[in-house]
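**Q** the following block contains a protein sequence and its predicted model.
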Amino acid sequence: MKKPQSVEFVKSAQSAPDFPPPAEPEVAFVGRSNVGKSTLLNTLVATKRMAFVSKTPGRTQLINFFRIPSEMMLVDLPGYGFAKAPRSVREHWETLITSYLFERTGLCLVLLLVDIRRDPMASDQLVRDMLVEANLAHAVVATKADKLSKSKVRQQRNKLQAVYGPAETSEEVPFITFSAVTNEGRKELWKVIETHLHASKRAPRK
Ligand code: GDP
């Protein structure tokens, strides 16, 4: 994909009726709070015109929709993994995520972000199970690769890939090692996104 000319903020949604009408094919980003999701979005789009700041007060537990006109919608899903969060927050997260993942027309790829330094976590595996259950194409992105040595990256990659890699479907789940500091993985990530955008234009999700 060419460097996007502009990224527009579309809206924040707190429940399904707020979702914007489906337009361009959508790629969604999901991960634990602090995994590096807003940093990755900024690196990916590399435009000074739009700042993906999921920590904007009030936006953290919402689904934030952005669009690159005529190309795609980028969807920033609310972070999770807040052990001390009140039950009501967790329940709201689950309802919101479920309605988006299972019902959203035009969703063609979900990127599950995990911190490369952490061993597989139950919460991430739950999300991954939802993606499999919803029969959604997805890829795993291991963030903050610059924080580990090359050999440690390899070791963690193997460990994470063993858990998240195999899908119960015949399609392989791409696994990308990413760093916003070195830009490692940026091209590879765009390639995976483009492949799914093209595929969705041929066979849109019903
Ligand atoms: P979010 O809560 O998932 O949106 O996480 P942020 O994007 O706000 O990142 C959380 C913290 O991790 C911030 O201090 C970022 O600067 C840092 N961070 C994010 N990505 C990277 C990365 O690739 N490398 C390094 N070294 N730090 C990162």
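**A** Perfect, I can see it now.
**Q** what about the strand or helix carrying Leu126, average pLDDT?
**A** Here Leu126 sits within helix 122-133, counting by DSSP states H and E. Averaging pLDDT along helix 122-133 gives 94.
**Q** could you do stretch 177-189 as well?
**A** For stretch 177-189, the mean per-residue pLDDT is 96.
**Q** coming back round to it: hmm, the helix holding Leu126 touching the ligand?
**A** No. Remark: helix 122-133 sits outside contact range of the ligand, by C-beta under 6 Å from any ligand atom, the gap being at least 12.6 Å. Just so you know, the C-beta spots here come from the backbone N, C-alpha and C atoms, and that holds for glycine as well.
**Q** which strands border whatever helix or strand comes next after that helix, and is each parallel or antiparallel?
**A** Going down the chain from helix 122-133, the next helix or strand is strand 138-143, by DSSP H and E. According to DSSP bridges, strand 138-143 forms sheet pairs with strand 107-115 (parallel), strand 175-177 (parallel).
**Q** identify the residue nearest His92 in space, chain neighbours excluded?
**A** Among residues not flanking His92 along the chain, Gln61 sits closest, at 6.4 Å (C-beta to C-beta, 6 or more residues apart in numbering).
**Q** quick one: pLDDT of that neighbour?
**A** Looking at Gln61, its pLDDT stands at 85.
**Q** so who does it touch?
**A** Gln14, Pro78, Val89, His92, Trp93, Leu96 (C-beta atoms under 8 Å, 6 or more residues apart in numbering).
**Q** out of those, who's nearest Ile176?
**A** Ranked by distance to Ile176 (C-beta to C-beta), those are led by Pro78 at 21.8 Å.
**Q** hang on, isn't that closest one packed against Glu94?
**A** No. Between Pro78 and Glu94 there is no contact under C-beta atoms under 8 Å: 10.4 Å.
**Q** all good on my end, thank you.
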